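> got a structure for you, letters missing:
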């Protein structure tokens with residue numbers, strides 16, 4: 001199923017693109033996907049990662065924790081992607097996905113944790 005999100009990611013990366021950007025082997029990226037450390041959805045028939053989620057070291061470091069919290073709250077990967085891209089002017093960058101890579105990381109975590117209650 002292809003994922004189309006209004007106001008969602010503006011740039012999508014294939015897994016080989018992710019490997020290149022992170023200077024990792026494709027097998028390491030595949031392992032990260034298998035371990036749930038990256039959010040991957042089908043977009044245009046190809047497994048892709050929103051570029052925002054690996055744009056900074058901060059985003060990449062905090063993404064697995066956010067994904068765990070969202071999954072614990074019952075979100076599947078497509079729903080987690082939608083949540084990350086809900087427009088929110090109170091966050092730097094206008095949504096949780098972009099804010100995750102900046103100074104609002106703690107706020108994004110807090111909001112994700114609140115979903116479990």
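Done, it's in. Source: prediction; values computed, not measured.

> For this structure, give me the ranges with low pLDDT.
For the chain, applying pLDDT under 70 flags the ranges 1-7.

> can you give me the strands for it?
Applying DSSP state E to the chain gives strands spanning 12-14, 41-43, 46-50.

> Now do the closest residue to residue 100 other than its chain neighbours: how many residues are near it, please.
Of all residues not flanking residue 100 in the chain, residue 59 sits nearest, at 4.6 Å (C-beta to C-beta, 6 or more residues apart in numbering). Bear in mind the C-beta positions are built from the backbone N, C-alpha and C, glycine included. Look at residue 59: counted by other C-beta atoms under 10 Å, it has 21 neighbours.

> Same question for residue 46.
Using other C-beta under 10 Å, residue 46 has 11 neighbouring residues.

> in the sheet, who's paired with the closest residue in space to it that isn't next to it in sequence?
The spatially closest residue to residue 46, leaving aside those adjacent along the chain, is residue 14, at 5.9 Å (C-beta to C-beta, 6+ apart). Per DSSP bridges, residues listed as beta-bridge partners of residue 14: residue 48.

> Residue 14 and residue 61: what is the separation?
Separation of residue 14 from residue 61 (C-beta to C-beta, to the nearest Å) stands at 22 Å.
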